[in-house]
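[1] here is a sequence together with a model predicted from it:
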Amino acid sequence: MKLGFSRKTGKEWALTSWKSTVDPSIGEFSLRMDSEIPDGFVIMKGSEIYWTSGPWDTDSQTFSLVPEMRFNNMFNISFINNPNEVYFTYSLYSSFNVSTRLVMDLSGQIEELSWLESLKGWNLFWSQPRRTCDLYNSCGSFSRCSNYTLPVCTCLNGFRPSAPKKWQQNDYSLGCARRIQLQCGQMGYGNGDKDGFLKMDHVTFPLYYNLTERISHKACESACLGDCSCTAYAYNGSGTGRCLQWYDDLLNLRQLSEDDPNSNTIYIHLAASELRNSRGKMGPTQDILLFDVDMSVAARTNETSEKGIGNEKNMKDALLPLFSFSSVTAATQNFLNANKLGEGGFGPVYKGKLLNGKHVAVKRLSKKSAQGMLELRNETMLIAKLQHKNLVRLLGCCLERDEKILIYEYMPNKSLDSFLFDQAKRCLLNWEKRAHIIEGIAQGLIYLHQHSRLRIVHRDLKASNILLDSEMNPKIADFGLAKIFGGNESEANTNRIVGTYGYMSPEYALEGVISVKSDVFSFGVLLLEIISGKKNTGFYQTDSMDLLGHAWQLWQEDRALCLVDSVLEHHNSDGTLMRHINVALLCVQEIAADRPTMSEVLTMLTNELLTLPSPEQPAFSHIRTQKIPEPPLYRPDLESVNDVTVSLMEAR
């Protein structure tokens with residue numbers, strides 16, 4: 001495959017989207033070499049830039065904003081730039097015998113797919129753009145875009161929104177404008193003050209700069225200072241290096257985390273008074289709000305009623321549609337018991353039907369629930385900002401008459417546990433459906449851990465929190481206990497242990513240490529449950545303590561396939577099942593650092609050519625289980641209440 005253009009003939013090699021799913025004629029999106037600065041790719045939407053790959057990085061041999069292209073070293077990537085032509089090409093290394101394709105989708109995403117023989121379908125390897133800040137100039141001019149803050153867009157220091165009303169409505173397209181104009185030249189204001197520069201760290205460079213080689217830092221700064229049309233400069237090297245200068249509007253500036261290898265430093269040209277105002281304040285990267293606090297502990301046991309009102313206001317500020325209480329009661333037939341779908345520690349969930357005929361799920365906070373308000377607020381603020389096909393979608397909320405109600409999209413097949421642990425319905429889940437569900441859950445977790453606006457740990461992943469739509473596509477639900485991390489934060493400690501027994505990682509349950517590896521552990525437990533059709537906390541053997549211990553014992557005895565659900569006995573892909581068992585055991589290893597990330601998990605599950613490492617002993621497998629009675633919240637007449645969620649427990 002070759003993408004680029006000939007400098008001699010003008011011939012171009014580009015990839016275009018279809019017009020529609022049934023019309024293969026040329027659509028509005030195209031992937032092509034950037035004609036202005038031909039060291040990277042752009043997705044064009046018509047004649048406008050929609051996305052950019054960033055420049056080619058000779059050290060990593062990939063484009064700076066698409067590092068996943070090099071994941072697992074499957075592809076031999078080449079970027080050719082000479083007087084005759086400039087183009088990008090790639091091929092699979094000979095050790096990988098798998099079919100792949102690069103697709104310019106009509107949605108505006110470029111997708112790399114690989115064929116999975118075991119599933120008889122295409123698996124997504126990587127895609128771009130994925131997040132708001134991946135889109136070109138999504139915050140307009142003189143602003144910075146950050147996937148780690150809310151709001152995503154903020155004006156640079158010394159600038160203000162060009163259209164404040166639109167900005168308040170989350171329309172950032174017009175960008176920002178200077179508060180105080182620059183003085184042209186270097187003569188000063190009469191009081192001795194001169195224009196200068198404000199340093200910004202950990203950002204991507206805006207596009208389309210002027211480059212001067214072999215110049216000192218001082219000369220680079222002076223050249224920009226004496227030119228009012230120079231809005232910013234950057235300097236690479238020491239002594240004599242590379243001077244980058246930007247003129248007119250600054251476009252597509254993105255804030256990165258401190259440990260991002262693609263981060264740079266840029267100097268913004270500002271008026272003297274703006275520099276005075278900035279003295280004594282935190283730097284431009286320090287004043288960014290990173291969501292490193294646990295929103296579910298925002299309130300304490302001694303909170304006043306005023307704080308409770310504040311929490312409600314924050315929920316309303318989440319920009320969700322507000323439903324009236326009368327419309328909710330009408331939709332649920334006044335919360336008719338026959339419409340009840342399930343009940344947990346927070347309260348009941350009802351099936352409802354709106355006036356337009358749309359079915360919804362209505363979660364009503366129980367007034368007896370002490371932690372319910374905190375969890376509901378957490379879920380509202382979080383899920384309102386998340387969008388992924390494997391996450392349940394929040395449609396709105398109702399906050400009338402002291403009611404706290406959330407309205408979700410309705411999942412007609414309810415939750416995974418209603419199939420997996422039901423003797424009659426379990427047989428409806430053949431291996432193809434189970435593998436599809438496993439992959440969907442993994443994709444949803446990868447989004448939460450890596451690709452969403454915020455890095456999020458779910459903390460309560462289990463079968464009852466996996467909902468199934470009409471086509472048995474999985475959607476992760478219940479974000480009431482989720483933990484938000486900042487851009488460069490990888491783990492945290494907490495005295496408030498939340499989650500479900502049997503799914504908690506050992507470092508979290510015993511020490512209160514939480515990270516994305518906590519979700520990986522829960523995923524491993526869930527994976528073993530899906531393979532075996534048996535529940536971890538309800539599995540009892542005389543020679544092992546739980547499902548994890550039983551799986552480990554079978555693995556040690558080279559009898560791992562004995563773990564497989566009896567309804568899958570006629571499945572003809574023992575190699576695929578063994579691979580899934582191996583990955584599950586890697587996920588539940590006792591030491592968090594030994595567990596793979598969810599991206600690595602998905603690659604191991606879907607790439608049949610990879611040799612998998614051998615797992616170490618699972619956590620808790622040396623402790624013998626004692627059968628305990630069903631928890632008090634158990635209701636055999638209701639769906640999805642097989643687990644008790646621990647909402648407050650002191651760490652040991």
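    Happy to help now that I have it. Numbering: from 1, shown residues only.
[2] residue 216 and residue 598, how far apart?
    Per CB to CB, to the nearest Å, residue 216 is found 47 Å from residue 598. (Glycine included, C-beta is placed from N, CA and C.)
[3] so the two - more neighbours on which side?
    residue 598 (24 against 15; other CB atoms under 10 Å).
[4] would you agree residue 455 is in contact with residue 446?
    No - counting by CB atoms under 8 Å, residue 455 does not reach residue 446; the two are 11.4 Å apart.
[5] so for those two, which sits in the more crowded spot?
    Counted by other CB under 10 Å, residue 455 and residue 446 do not tie: residue 455 has more neighbours, with 24 against 20.
[6] quick check: closest non-adjacent residue to the more buried one.
    Computed as CB to CB, 6 or more residues apart in numbering, the closest residue to residue 455 that is not its neighbour in sequence is residue 485, at 4.1 Å.
[7] isn't that neighbour up against residue 452?
    No - with contacts counted by CB under 8 Å, residue 485 stays clear of residue 452, the gap being 10.8 Å.
[8] all strands of the stretch 501-650 of the chain, in order?
    Counting by DSSP state E, counting those that start in this stretch, the stretch 501-650 of the chain has strands at residues 513-515, 645-646.
[9] which stretch in the ones you listed is the model least sure about?
    Between the strands of the stretch 501-650 of the chain, the one with the least mean pLDDT is strand 645-646; it has a mean of 44.
[10] can you get me a residue count around the residue nearest to residue 455?
    For residue 485, the neighbour count with other CB under 10 Å is 23.
[11] quick one: low-confidence ranges for the stretch 1-150 of the chain?
    37-38, 70-74, 93-96, 118-119, 148-150 (pLDDT under 70).
[12] mind redoing it with 90?
    By pLDDT under 90, the weakly predicted segments of the stretch 1-150 of the chain are 1-4, 7-8, 10, 19-23, 33-41, 47-49, 52-83, 86-102, 105-138, 146-150.
[13] the strands in it, which residues?
    Using DSSP E, counting those that start in this stretch, strands in the stretch 1-150 of the chain cover 2-6, 12-13, 15-20, 23-33, 41-45, 48-52, 56-57, 62-63, 75-81, 85-92, 100-104, 110-116, 121-128, 143-146.
[14] okay, those strands, which one's buried deepest?
    Highest mean neighbour count of these: strand 143-146, a mean of 25 (counted as mean count of other CB atoms under 10 Å).
[15] show me what it is packed against.
    Under the contact definition 3 or more CB pairs under 8 Å, 6 or more residues apart in numbering; DSSP states H and E, strand 143-146 sits against strand 153-155, strand 253-255.
[16] who touches it?
    Outside strand 143-146, the residues that touch it by CB atoms under 8 Å, 6 or more residues apart in numbering are 132-133, 138-139, 152-156, 159, 172, 175-176, 200, 203, 252-255, 288, 487.
[17] how does it look with 7 Å?
    Among residues not part of strand 143-146, those counted as contacts by CB atoms under 7 Å, 6 or more residues apart in numbering are 132-133, 138-139, 152-156, 172, 175-176, 203, 253-255, 288.
[18] quick check: residue 386 touching residue 452?
    Yes - counting by CB atoms under 7 Å, residue 386 touches residue 452, with 5.6 Å between them.
[19] tabulate the helices and strands packed on strand 143-146 (TSV), appending mean pLDDT, distance to residue 35 and mean neighbour count.
    Formatted as TSV, the helices and strands packed on strand 143-146 follow (pLDDT from 0 to 100; distance: least, CB to CB, whole Å; neighbours: other CB atoms under 10 Å):
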stretch	mean pLDDT	distance to residue 35	mean neighbour count
strand 153-155	91	27	22
strand 253-255	89	22	23
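[20] of all those strands, which lies closest to residue 360?
    Nearest to residue 360, of all the helices and strands packed on strand 143-146, is strand 153-155, at 31.1 Å by CB to CB.
[21] show me what that closest one is packed against.
    Where contact means 3 or more CB pairs under 7 Å, 6 or more residues apart in numbering; DSSP states H and E, strand 153-155 is packed against strand 143-146.
[22] buried set for the helix or strand containing residue 235?
    In this assignment (DSSP states H and E), residue 235 forms part of strand 230-236. By 16 or more other CB atoms under 10 Å, the buried positions in strand 230-236 come out as 230, 231, 232, 233, 234, 235.
[23] pull the distance from that strand to the chain's centre.
    Remark: strand 230-236 is offset 32 Å from the chain centroid, using CA atoms, centre = their mean, to the nearest Å.
[24] mind listing what it pairs with, with the direction of each?
    strand 241-247 (antiparallel), strand 264-270 (antiparallel) (DSSP bridges).
[25] of the ones you listed, flag the one that's most buried.
    Mean neighbour count (mean count of other CB under 10 Å) peaks for strand 264-270 among the strands paired with strand 230-236, with a mean of 21.
[26] following it, which helix or strand comes up?
    Following strand 264-270 in sequence order, the next helix or strand is helix 272-278 (DSSP H and E).
[27] now that next one: mean pLDDT?
    Rounded mean pLDDT across helix 272-278 is 77.
[28] next one: stretch 467-485
    Mean predicted confidence for stretch 467-485 is 87.
[29] contacts only, for residue 434.
    Per CB under 7 Å, 6+ apart, neighbours of residue 434: residue 530.
[30] name the element it belongs to?
    Assessed by DSSP H and E, residue 434 sits inside helix 431-446.
[31] quick one: contacts of the following helix or strand past that helix?
    Where DSSP H and E defines the elements, the next helix or strand beyond helix 431-446 is strand 455-457. Strand 455-457 is contacted by residues 382, 448, 449, 482, 483, 484, 485, 514, 515, 516, 518, 519 when judged by CB under 7 Å, 6+ apart.
[32] adding distance to residue 547, write those out as a markdown table.
    Shown next, in a markdown table, are the contacts of strand 455-457 (distance: CB to CB, whole Å):
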| residue | distance to residue 547 |
| --- | --- |
| 382 | 30 |
| 448 | 25 |
| 449 | 24 |
| 482 | 25 |
| 483 | 26 |
| 484 | 30 |
| 485 | 29 |
| 514 | 23 |
| 515 | 23 |
| 516 | 23 |
| 518 | 18 |
| 519 | 18 |
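[33] identify the farthest-apart pair in those.
    Greatest spatial distance in those: 382 and 515, 17.6 Å, computed using CB to CB.
[34] ok, residue 223 - how many residues close by?
    Per other CB under 10 Å, the neighbour tally for residue 223 reads 16.
[35] now do residue 252
    23.
[36] now it: how far from residue 182?
    Separation of residue 252 from residue 182 (CB to CB): 22 Å.
[37] helices of this structure, residue ranges please.
    Applying DSSP state H to the chain gives helices spanning 164-168, 217-225, 272-278, 305-316, 325-331, 372-383, 417-420, 431-446, 506-511, 516-532, 547-556, 574-587, 598-606.
[38] next, the angle from the second one to strand 230-236.
    It stands for helix 217-225. 170 degrees (axes from the mean of the first three to the mean of the last three CA atoms, to 10 degrees).
[39] got the end-to-end distance for stretch 164-180?
    Start and end residues of stretch 164-180 are separated by 17 Å (CA to CA, to the nearest Å).
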